[in-house]
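Peer 1: take this sequence and fold it.
(chains A and B)
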There are 2 protein chains.
Amino acid sequence: MAIKVYGHPFSPAAKRVLVALAEKGLDYEHILIDLATGQQKKEPLISINPFGQVPGFEDGDLQLFESRAITRYIAHAYADKGTPLLSEDPKKLAVIGVWLEVEAQKFDAAGQKLSFEILVKPIKGLPVDDAVIEEGKAQLASVLDIYEARLGKSKYLGGDDFSLADLHHIPIVANLQKTKVKAVFDARPAVAAWATALLARPAWQKINAA
Amino acid sequence: MAIKVYGHPFSPAAKRVLVALAEKGLDYEHILIDLATGQQKKEPLISINPFGQVPGFEDGDLQLFESRAITRYIAHAYADKGTPLLSEDPKKLAVIGVWLEVEAQKFDAAGQKLSFEILVKPIKGLPVDDAVIEEGKAQLASVLDIYEARLGKSKYLGGDDFSLADLHHIPIVANLQKTKVKAVFDARPAVAAWATALLARPAWQKINAA
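Peer 2: Model prediction:
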């Protein structure tokens, strides 16, 4: 099999790659990296990702890391397969690109903070800090206010069609929707409908059923 | 004039856009946004960037924000002008994409922390925290260790040719090289040579002379 993903089911970044592959209908081999024993800092992953983090990715002799670079490669190299995730039109692609950056620079900071505090800390037996949760919720709310305005003008962030800009949000949106932070989404009707549409995608259902 | 940049000389993100335009040899109109009076939260910029930050960008009727999305648009839409900044080959483009993400996710966090503490705080009359500087230097050092290994294998981060992945570093590298953090670069020969090559680029010289 040509495509290999080195991942872990708890990693939103690894899931971002899996959902992109599922949208494209591509087959892949999933290699489980045991994060608890630090396998991500050892071979074979450390030769693929010198930062020692999941996901790692191989497509034949091409080795990549950083989830957002991997998904962009998948979207571009397999443009003719499955769901189109980027546009051929430079201006439409540029607008998708803006919202790809907004996810990486704005949404992810708030989302990761909340995911870590609410979901990861209890698993690790660490004390949860309510002040950090409140700070994260306020940060997320200010980002989602802008999403609400945007999604009032176009069905998806990058335009009228689902794109990689929406896809990159899915794993963290799914995590947050399981928590009390769901209320921050639900308070904004266009955002709530968008989140529901993302989580209902067959590609997301498929990788969670696997 | 078709291209407009809404920026400020103290903004590394705005400079990232200007250096990309200079590498492409494109003309543009620069509109100075007075950050001290909060002009970035007002029209015309707030309609271009709902987050109220520089840079904003216009190319005819296309409006963009987020510096890295703007530079990617410039590199793609003006592929045949000036310096090639991305590759036509999907695999080479994917490797450039990995290092674009490394800059945004790893280098920038350390670089912004150090820039803010060492350069911005004194201008704002805020007390400098030496512990934050030491933490930022350690964070930067661990990123630059990986750059040193990478730059021992290829002349630039994305491959043997200068690309957008290198370009995105220039404004923060230039800021840090003016400070004691230069030693963190100089301790790594390949990184030091790379930083020198970046700052010597005519496009960077040109926008600083303007």
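
Peer 1: show me which residues of stretch A:36-53 are buried.
Peer 2: Neighbour counts over stretch A:36-53 (16 or more other CB atoms under 10 Å in any protein chain shown) mark A:39-40, A:45, A:48-49, A:51-53 as buried. Heads up, the C-betas are built off the backbone N, CA and C, glycines and all.

Peer 1: could you give me the average pLDDT of that stretch?
Peer 2: The pLDDT scores in stretch A:36-53 average 96.

Peer 1: tell me which helix or strand of chain A sits lowest on mean pLDDT?
Peer 2: For chain A, counting by mean pLDDT, DSSP states H and E, helix A:121-124 ranks last in confidence among helices and strands (a mean of 92).

Peer 1: could you list the buried residues of that one?
Peer 2: Across helix A:121-124, burial judged by 16+ other CB under 10 Å covers no residue at all.

Peer 1: so residue A:148 touches residue A:190, yeah?
Peer 2: Yes. Assessed by CB atoms under 8 Å, residue A:148 is found in contact with residue A:190 at 5.2 Å.

Peer 1: the buried residues of stretch A:36-53 in strands, which ones?
Peer 2: Using DSSP state E, no member of the buried residues of stretch A:36-53 sits in strands.

Peer 1: so which of the residues you listed is the closest to residue B:195?
Peer 2: Using CB to CB, residue A:51 comes nearest to residue B:195 of these, at 20.2 Å.

Peer 1: gap between the closest residue to residue A:168 other than its chain neighbours and residue B:174?
Peer 2: Using CB to CB, 6 or more residues apart in numbering or on different chains and skipping the chain neighbours, the partner closest in space to residue A:168 is residue A:103 (4.7 Å). Counting by CB to CB, to the nearest Å, the separation of residue A:103 from residue B:174 is 28 Å.

Peer 1: rewinding a little: who touches the least confident helix or strand of chain A?
Peer 2: A:127-128 (CB atoms under 8 Å, 6 or more residues apart in numbering or on different chains).

Peer 1: name the helices or strands packed onto the longest helix along chain A?
Peer 2: Secondary structure of chain A per DSSP state H: the longest helix is helix A:130-151. Applying 3 or more CB pairs under 8 Å, 6 or more residues apart in numbering or on different chains; DSSP states H and E, we find helix A:130-151 packed against helix A:90-102, helix A:108-115, helix A:182-186, helix A:189-199.

Peer 1: now the angle from it to helix A:189-199?
Peer 2: Relative orientation of helix A:130-151 versus helix A:189-199 (axes from the mean of the first three to the mean of the last three CA atoms, to 10 degrees): 90 degrees.

Peer 1: and helix A:130-151, C-alpha only, in CSV?
Peer 2: Extracted C-alpha coordinates of helix A:130-151, given in CSV (Å, rounded to 0.1, in the frame of the first residue of the first chain):
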residue,chain,number,x,y,z
ASP,A,130,-11.6,26.9,35.5
ALA,A,131,-10.0,30.2,34.9
VAL,A,132,-8.2,28.8,31.8
ILE,A,133,-11.5,27.3,30.6
GLU,A,134,-13.2,30.7,30.9
GLU,A,135,-10.3,32.4,29.2
GLY,A,136,-10.5,29.8,26.4
LYS,A,137,-14.2,30.2,26.0
ALA,A,138,-13.9,34.0,25.7
GLN,A,139,-11.2,33.6,23.1
LEU,A,140,-13.3,31.0,21.2
ALA,A,141,-16.4,33.2,21.4
SER,A,142,-14.6,36.1,19.8
VAL,A,143,-13.4,33.9,16.9
LEU,A,144,-16.8,32.4,16.5
ASP,A,145,-18.4,35.8,16.3
ILE,A,146,-16.4,36.4,13.2
TYR,A,147,-17.3,32.9,11.9
GLU,A,148,-21.0,33.7,12.5
ALA,A,149,-20.8,36.8,10.3
ARG,A,150,-18.8,34.9,7.6
LEU,A,151,-21.2,31.9,7.6
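
Peer 1: follow-up on the earlier one: looking at residue A:103 and residue B:174, which one has more neighbours?
Peer 2: residue A:103 (21 against 17; other CB atoms under 10 Å in any protein chain shown).

Peer 1: just the pLDDT at the residue nearest to residue A:169 when sequence neighbours are not counted, thanks.
Peer 2: Closest residue to residue A:169 apart from its sequence neighbours, by CB to CB, 6+ apart: residue A:103 at 5.7 Å. With respect to pLDDT, residue A:103 scores 98.

Peer 1: contacting residues around residue A:103?
Peer 2: Each residue near residue A:103 by CB under 8 Å, 6+ apart is listed here: A:157, A:165, A:168-169.

Peer 1: and residue A:117, by the same measure?
Peer 2: Residue A:117 is in contact with A:128-129, A:132-133, A:136, counting by CB under 8 Å, 6+ apart.

Peer 1: list the contacts of residue A:146.
Peer 2: Contact partners of residue A:146, counting by CB under 8 Å, 6+ apart, are A:102, B:50-51.

Peer 1: now flag whichever of the residues you listed is closest to residue A:35.
Peer 2: Taking these together and measuring to residue A:35 by CB to CB, the closest member is residue A:102, at 28.2 Å.

Peer 1: what's the nearest residue to the most far-flung residue of chain A relative to its centre if we skip its chain neighbours?
Peer 2: Distance to the chain centre peaks in chain A at residue A:127, reaching 26.1 Å (criterion: CA atoms, centre = their mean). Distances taken as CB to CB, 6+ apart place residue A:121 nearest to residue A:127, at 7.2 Å, with adjacent residues excluded.
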